[in-house]
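K.L.:
dropping the sequence and predicted coords here.
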Amino acid sequence: MKRTMDGVVRGACHHDCPDTCVWEVTVDDGIAIELRGTADHPTTAGQLCPKVNRFLDRVYHPQRVLTPLRRVGPKGSGTFEPVSWGDALDEIEEQWNVIIEAKGPAAILPYSFDGTQGVIQKGILARRFFAALGTSDIRRHLCGVSSWLGAHEILGDPKGIDPEDLHLARTIVLWGTNTLLTNRHLWPVIEEARNAGGVVVVIDPVRTPTADRADRFLQIQPGTDVALVLGLVHVLNRDGLLDDEWLDGHTTGAGELIASAAPWDPSRCETETGIAAADIEWLAHTFATNRPSAVRSLVGPEHRTNGIEIMAAIATLPSITGAWQEPGGGLCRSTQVWWEEALGLDVENLAQPARKFNMARLGEVLTDVDLDPPINALFVHNSNPAVIAPDQNRILEGLQRDDLFTVVAEQFVTDTARFADIVLPVTTQIEQLDLAPAWGHFNVALNQPAIAPLGEAKSNNEIFRLLAERMGLDDASHYESDEALIRSLLSRSHPLLDSVTYEQLERDGWARFNHEPGEALVQQNPYRLRALDHTPTATKPNHRFQLISAKQHVRFLNANYAQFPAHRPSPPEPRLGVHPSDAADLGLDDGSDARVWNERGELHLPIHVDDRLQSGLVSIPFGWVHQAHRDGRSVNVLTSPDVRDDDQGSAAFLDTWVSVSPV
Ligand SMILES: Nc1nc2c(c(=O)[nH]1)N[C@H]1C(S)=C(S)[C@@H](COP(=O)(O)OP(=O)(O)OC[C@H]3O[C@@H](n4cnc5c(=O)[nH]c(N)nc54)[C@H](O)[C@@H]3O)O[C@H]1N2
Ligand SMILES: Nc1nc2c(c(=O)[nH]1)N[C@H]1C(S)=C(S)[C@@H](COP(=O)(O)OP(=O)(O)OC[C@H]3O[C@@H](n4cnc5c(=O)[nH]c(N)nc54)[C@H](O)[C@@H]3O)O[C@H]1N2
Ligand code: SF4
Ligand SMILES: [Mo]
């Protein structure tokens with residue numbers, strides 16, 4: 001293993017965050033003593049964030065799992081004894097072979113997501129390993145895929161503009177994205193545009209901290225974004241703001257789109273979306289004339305059953321106005337699709353003919369008695385499904401099964417790891433090598449290990465090399481080193497990679513992909529406009545409130561930091577947000593207790609009267625550990641696991657209806 005030297009080592013944040021900051025770790029006598037943001041990295045600019053500023057506390061936390069663990073108590077009790085790697089691997093090998101013999105490899109299910117986003121540790125060897133065994137697999141669609149599918153419908157190739165080009169825009173619509181909180185290193189770019197006279201608009205059902213900083217905040221009824229775009233198209237067409245030359249030369253289907261917008265005059269649009277007709281007219285005119293104009297969106301509105309159509313509608317706006325023609329104009333979304341293509345990453349593992357399940361359906365899959373073969377072994381890495389996936393009660397019911405052999409590779413005994421038969425200790429980012437492209441900009445970083453693995457921790461890839469040996473896989477591809485994997489990705493022939501070498505990354509820590517800043521991005525193929533379909537969100541069941549459970553914490557990153565008291569908000573307990581008018585109606589005061597329930601589960605929480613919400617919309621924060629909740633379970637007991645019939649697309653977390661009553 002490559003020994004690291006004392007001194008300063010550059011690496012990159014691994015979290016599922018668009019910013020992918022570059023950091024510097026100061027190492028003394030083999031111990032990391034300081035970690036700070038790199039000043040010469042354009043997006044980091046010397047600042048990490050409140051989540052990661054204390055990352056070394058996480059690395060050296062007394063609760064880190066540092067040896068393999070074997071369950072000794074009942075499932076879910078979290079009682080384990082330390083065992084050697086040899087014993088842990090013996091048990092996995094034996095159990096898997098028994099299951100393969102009896103039911104076939106499809107009875108094994110790997111479950112992984114974005115715990116680390118580095119492309120090497122995220123899953124390259126894992127995918128090869130499970131494909132070679134012939135196990136079942138999941139569709140890793142929980143986040144970002146509906147957004148991709150929606151943009152794909154309109155653009156074909158769903159590439160958006162460089163987020164750092166937004167400084168050139170004069171109208172920026174932050175459409176269902178809480179930039180200040182979730183993508184904080186983009187904020188200076190937005191401010192730069194505004195300082196040059198740009199207008200910033202936020203469209204969100206919640207008055208977020210980002211909305212507080214906007215020039216105009218349009219508080220939309222949840223899930224009605226398609227109706228808003230139809231209203232905008234109606235006004236653009238009515239007021240002669242569309243350019244025939246652009247439409248004829250660069251689009252197809254404009255006629256169908258405009259026809260579908262005909263019934264959506266501003267007054268009908270206001271009724272449906274809750275946005276004043278005058279604001280709809282203002283936005284249409286501003287977007288069309290105050291150019292360059294751009295729409296920025298990540299995943300907020302996609303987490304709905306009509307999420308794909310919403311994202312298609314969002315991609316329609318800059319495509320019908322021809323916003324793409326000016327540098328800084330167009331749709332600005334995740335940049336992941338650019339480098340996935342360049343690096344040849346088959347994240348969907350399309351080559352593997354496995355039985356696949358959308359990862360939102362884990363609870364159903366683990367409890368389905370008719371599944372043939374059933375799932376008898378689960379291997380979790382880079383994820384914490386007991387917290388992050390919808391329909392939590394069913395997931396816990398599945399994890400409790402005695403005939404399910406569960407292995408979890410983790411840094412901590414998470415709410416998922418508590419149910420494991422074997423927990424394998426994994427390294428943190430400063431103990432492993434990885435290549436870290438970003439989904440919020442065009443820089444790529446090399447994460448170099450700063451310290452040796454703590455205790456007996458091993459990286460994901462090291463674990464899959466050991467498992468490959470145990471399961472008798474001979475092919476050399478299972479044993480490639482991390483450095484060889486990175487070098488082979490970078491050696492691919494693709495224009496984006498022309499400016500990036502391993503040596504340069506080793507020296508500087510990061511490089512910019514070969515993508516010119518400040519150039520307009522008009523695609524060769526026509527923009528595929530079409531009629532838009534506004535089908536209001538889900539049929540309203542017998543519940544009065546829609547529940548939102550988006551990311552609301554400055555110091556949480558998904559399920560990562562809620563176990564640390566220093567990261568918790570004050571008061572340190574999840575609360576049910578209720579709009580003042582609804583609280584008055586229900587007879588609830590700030591701090592009083594409520595019961596929230598639907599057909600999937602229930603929670604008991606104190607009330608937070610919150611005028612950032614709107615009447616009819618309640619909120620529970622996402623990411624809290626189970627034990628922080630009075631019920632020992634968290635918000636995803638309430639959320640919907642529904643996916644489309646073709647099993648594609650992101651989880652519809654936000655299409656969740658609940659009832660609320662005082663306790
Ligand atoms: N601090 C922090 N940062 C994070 C994360 C974190 O947990 N904490 N998570 C990271 C991850 S995994 C991701 S994917 C990104 C997500 O980044 P974003 O997409 O910016 O974040 P979300 O909070 O999921 O959603 C953004 C907004 O969408 C709004 N929204 C919900 N429904 C609708 C709707 O129907 N229409 C419209 N117009 N808006 C709607 C929500 O109210 C929310 O304010 O953030 C990343 N960054
Ligand atoms: N209700 C509700 N649910 C949501 C969301 C929401 O807004 N509301 N957001 C959704 C979204 S957008 C996303 S992306 C998902 C996030 O879902 P996940 O990707 O599963 O969540 P994370 O908490 O980011 O990471 C999971 C685990 O990875 C572990 N980990 C980190 N690095 C490594 C490593 O190198 N190796 C291994 N083996 N493990 C590692 C961490 O310790 C952590 O426990 O959650 C989704 N769930
Ligand atoms: S979580 Fe995001 S903002 Fe924070 S250090 Fe990591 S990449 Fe940067
Ligand atoms: Mo996400």
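P.N.:
That came in fine, so what should we check first? Ligands and ions are numbered 1, 2, ... in the order given.

K.L.:
contacts, neighbours, all on C-alpha from now
P.N.:
OK.

K.L.:
in the stretch 51-200 of the chain, what residue lies closest to ligand 2?
P.N.:
Residue nearest to ligand 2 within the stretch 51-200 of the chain: Gly115 (3.2 Å; Cα to the nearest ligand atom).

K.L.:
how about the stretch 301-450 of the chain?
P.N.:
Ser383 (3.2 Å).

K.L.:
now do the contacts for the spatially most central residue of the chain.
P.N.:
Note on the chain: the residue nearest the mean C-alpha position is Cys143, at 4.4 Å, using Cα atoms, centre = their mean. Applying Cα atoms under 8 Å, 6 or more residues apart in numbering to Cys143 gives the contacts 299, 303, 650-651.

K.L.:
for ligand 3, what is the nearest residue in the stretch 1-150 of the chain?
P.N.:
Closest point on the stretch 1-150 of the chain to ligand 3, by Cα to the nearest ligand atom, is Thr20, at 3.7 Å.

K.L.:
ok, that residue to ligand 1 distance?
P.N.:
10 Å (Cα to the nearest ligand atom, to the nearest Å).

K.L.:
I'd say that residue and Cys13 touch.
P.N.:
Yes. Contact criterion Cα atoms under 8 Å: Thr20 and Cys13 qualify, at 5.4 Å.

K.L.:
neighbour count: these two, which is higher?
P.N.:
Thr20 (27 against 24; other Cα atoms under 10 Å).

K.L.:
residue ranges in the stretch 201-350 of the chain under the pLDDT threshold?
P.N.:
Scanning the stretch 201-350 of the chain for pLDDT under 70 picks out 347-350.

K.L.:
contacts only, for Ala106.
P.N.:
Ala106 neighbours (Cα under 8 Å, 6+ apart): 100, 134-136, 354-355, 373, 375.

K.L.:
so the nearest residue to Pro437 once chain neighbours are set aside, which state does it fall into?
P.N.:
Once flanking residues are discounted, Pro437 sits nearest to Val444: 4.2 Å by Cα to Cα, 6 or more residues apart in numbering. In three-state terms, and counting by DSSP: H, G, I helix; E, B strand; the rest coil, Val444 is strand.

K.L.:
and Val444, how many neighbours?
P.N.:
Neighbours around Val444, by other Cα under 10 Å: 23.

K.L.:
wouldn't Arg568 be in contact with Gln552 here?
P.N.:
No. If you go by Cα under 8 Å, Arg568 and Gln552 don't touch, sitting 11.6 Å apart.

K.L.:
just to revisit the earlier point, CSV for the contacts of Cys143, including distance to ligand 1, neighbour count and secondary structure?
P.N.:
Shown next, in CSV, are the contacts of Cys143 (distance: Cα to the nearest ligand atom, whole Å; neighbours: other Cα atoms under 10 Å; DSSP: H, G, I helix; E, B strand; the rest coil):
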residue, distance to ligand 1, neighbour count, secondary structure
Val299, 4, 21, coil
His303, 7, 26, coil
Ser650, 11, 31, coil
Ala651, 11, 30, coil
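
K.L.:
around ligand 2, which positions in the stretch 1-150 of the chain sit nearby?
P.N.:
Applying Cα under 6 Å from any ligand atom, we find that the stretch 1-150 of the chain lies next to ligand 2 at 16, 113-116, 143.

K.L.:
run the last query once more with 5 Å
P.N.:
Neighbours of ligand 2 within the stretch 1-150 of the chain, by Cα under 5 Å from any ligand atom: 113-116, 143.

K.L.:
among those residues, name the ones in strands.
P.N.:
Among those, none falls in strands (DSSP state E).

K.L.:
among those, which pair sits farthest apart?
P.N.:
Thr116 and Cys143 (14.1 Å; Cα to Cα).

K.L.:
would you tell me which helix is longest in the protein?
P.N.:
Ranked by residue count, the top helix of the chain under DSSP state H comes out as helix 85-103.

K.L.:
packing partners for that one?
P.N.:
When contacts are defined as 3 or more Cα pairs under 8 Å, 6 or more residues apart in numbering; DSSP states H and E, helix 85-103 packs onto helix 460-470.

K.L.:
what's the angle from the helix it packs on to helix 85-103?
P.N.:
Inter-element angle recorded for helix 460-470 and helix 85-103: 60 degrees (by axes from the mean of the first three to the mean of the last three Cα atoms, to 10 degrees).

K.L.:
list the buried residues in helix 460-470.
P.N.:
By 16 or more other Cα atoms under 10 Å, the buried positions in helix 460-470 come out as 460-465, 467-468.

K.L.:
quick check: mean pLDDT across that helix?
P.N.:
For helix 460-470, mean pLDDT rounds to 98.

K.L.:
how about residues contacting that helix?
P.N.:
Counting by Cα under 8 Å, 6+ apart, 89, 93, 120-126, 129, 381, 409, 426-427, 474, 478-479, 482 sit against helix 460-470.

K.L.:
going on from that helix, what's the next piece of helix or strand?
P.N.:
Sequence-wise, the next helix or strand downstream of helix 460-470 (DSSP states H and E) is helix 482-490.

K.L.:
which residues are contacting the helix or strand that that next one is followed by?
P.N.:
Note on helix 482-490: by DSSP H and E, the next helix or strand toward the C-terminus is helix 502-508. By Cα under 8 Å, 6+ apart, the surrounding residues in contact with helix 502-508 are 10, 445-446, 448, 486-487, 490, 510-511.

K.L.:
how far away from the center of its chain is helix 502-508?
P.N.:
28 Å (Cα atoms, centre = their mean, to the nearest Å).

K.L.:
export that helix as CSV, just CAs?
P.N.:
Extracted in CSV, the C-alpha atoms of helix 502-508 (Å, rounded to 0.1, in the frame of the first residue of the first chain):
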residue,chain,number,x,y,z
TYR,A,502,-3.0,11.7,-13.7
GLU,A,503,0.3,13.5,-13.1
GLN,A,504,-1.3,16.9,-13.2
LEU,A,505,-4.0,15.8,-10.8
GLU,A,506,-1.4,14.3,-8.5
ARG,A,507,0.5,17.6,-8.5
ASP,A,508,-2.4,20.1,-8.3
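
K.L.:
which pLDDT value does the model give the nearest residue to Asp28 once chain neighbours are set aside?
P.N.:
The shortest distance from Asp28 to any non-neighbouring residue, by Cα to Cα, 6+ apart, is to Asp6 (5.3 Å). At Asp6, the model reports a pLDDT of 75.

K.L.:
could you list the residues of the stretch 51-200 of the chain in contact with ligand 1?
P.N.:
So the stretch 51-200 of the chain meets ligand 1 at 176-178, 182 (Cα under 5 Å from any ligand atom).
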